[in-house]
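S.K.: Build me a model from this:
(chains A and B)
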Amino acid sequence: DAGVIQSPRHEVTEMGQEVTLRCKPISGHNSLFWYRQTMMRGLELLIYFNNNVPIDDSGMPEDRFSAKMPNASFSTLKIQPSEPRDSAVYFCASSFPRTGGNEQYFGPGTRLTVT
Amino acid sequence: GQQVMQIPQYQHVQEGEDFTTYCNSSTTLSNIQWYKQRPGGHPVFLIQLVKSGEVKKQKRLTFQFGEAKKNSSLHITATQTTDVGTYFCAASGSKLTFGKGITLSVRP
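M.R.: The predicted model follows:
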């Protein structure tokens, strides 16, 4: 079985450009999470979806960040315009919450560098 | 919301030594999860603890949930170089709240 798929794996862009990160969750999982990881701030939850509906976006830094989940097998995280402080590794994770477990399965991440 | 603390953030051990790290919360947790992230990799789920005082083992790793469900420990017996990485605990609810993690390095 394929795990969580993220693309691109690496992205280098200039300040002010739009960046779109993509995620395909594990088939059958109905919860999807976007995280950002930096040395300074650790692993931060940005937003999560249940059944394609955004539930909690309190971690989204500001209006420059937006996320969508148009269907159960695809989600995007967009940064517009990007800034150097957005440089980080962005992880997507999915899970199938049930009695007895709601462990999350992480994708390989997208390493974003904004110059 | 629930918060979990992991201190220290870094620990260095000699290969073969035992290693123990703790995860603490000021509130009672419904359950707790542990993840491992290898250098350059992504977090990988290790275990979930649900019951008060629960102990689970995975080969050389032993996980324990405190009696009051406010803390958890991870113990590695006879560390190996393959154990290097960052170990995160996470308080489990509708979403996970991750601790800062402890990065373990092992001297061969």
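S.K.: all strands in chain A, in order from the N-terminus.
M.R.: For chain A, the strands defined by DSSP state E cover A:5-7, A:10-13, A:19-24, A:31-38, A:42-50, A:53-56, A:65-71, A:74-79, A:88-95, A:105-106, A:110-114.
S.K.: can you list those in CSV and add mean pLDDT?
M.R.: What follows is the strands of chain A, written out as CSV (pLDDT from 0 to 100):
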stretch, mean pLDDT
strand A:5-7, 98
strand A:10-13, 98
strand A:19-24, 98
strand A:31-38, 96
strand A:42-50, 94
strand A:53-56, 94
strand A:65-71, 97
strand A:74-79, 98
strand A:88-95, 97
strand A:105-106, 97
strand A:110-114, 98
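S.K.: Using a markdown table, lay out those together with mean neighbour count and distance to chain B.
M.R.: Just so you know, the C-beta spots here come from the backbone N, C-alpha and C atoms, and that holds for glycine as well. Listed next are the strands of chain A as a markdown table, based on neighbours: other CB atoms under 10 Å in any protein chain shown; distance: least, CB to the nearest CB, whole Å:
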| stretch | mean neighbour count | distance to chain B |
| --- | --- | --- |
| strand A:5-7 | 17 | 9 |
| strand A:10-13 | 15 | 12 |
| strand A:19-24 | 20 | 12 |
| strand A:31-38 | 22 | 7 |
| strand A:42-50 | 20 | 5 |
| strand A:53-56 | 13 | 6 |
| strand A:65-71 | 15 | 14 |
| strand A:74-79 | 19 | 15 |
| strand A:88-95 | 24 | 6 |
| strand A:105-106 | 20 | 4 |
| strand A:110-114 | 18 | 10 |
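S.K.: so which of those gets nearest B:Ser52?
M.R.: Between B:Ser52 and the strands of chain A, the tightest spacing by CB to CB is seen for strand A:88-95, at 24.0 Å.
S.K.: which residues touch the closest one?
M.R.: The set of residues external to strand A:88-95 that reach it, using CB atoms under 8 Å, 6 or more residues apart in numbering or on different chains, is A:4, A:6, A:21, A:23, A:25-26, A:29, A:31-38, A:43, A:75, A:77, A:102-107, A:109-112, B:42-43.
S.K.: Neighbouring strands - and their directions - for the helix or strand of chain B with the lowest mean pLDDT?
M.R.: Least confident helix or strand, chain B: strand B:96-98 with a mean of 90, by mean pLDDT, DSSP states H and E. Using DSSP bridges, strand B:96-98 pairs in its sheet with strand B:85-92 (antiparallel).
S.K.: quick one: buried residues of the partner strand?
M.R.: B:85-92 (16 or more other CB atoms under 10 Å in any protein chain shown).
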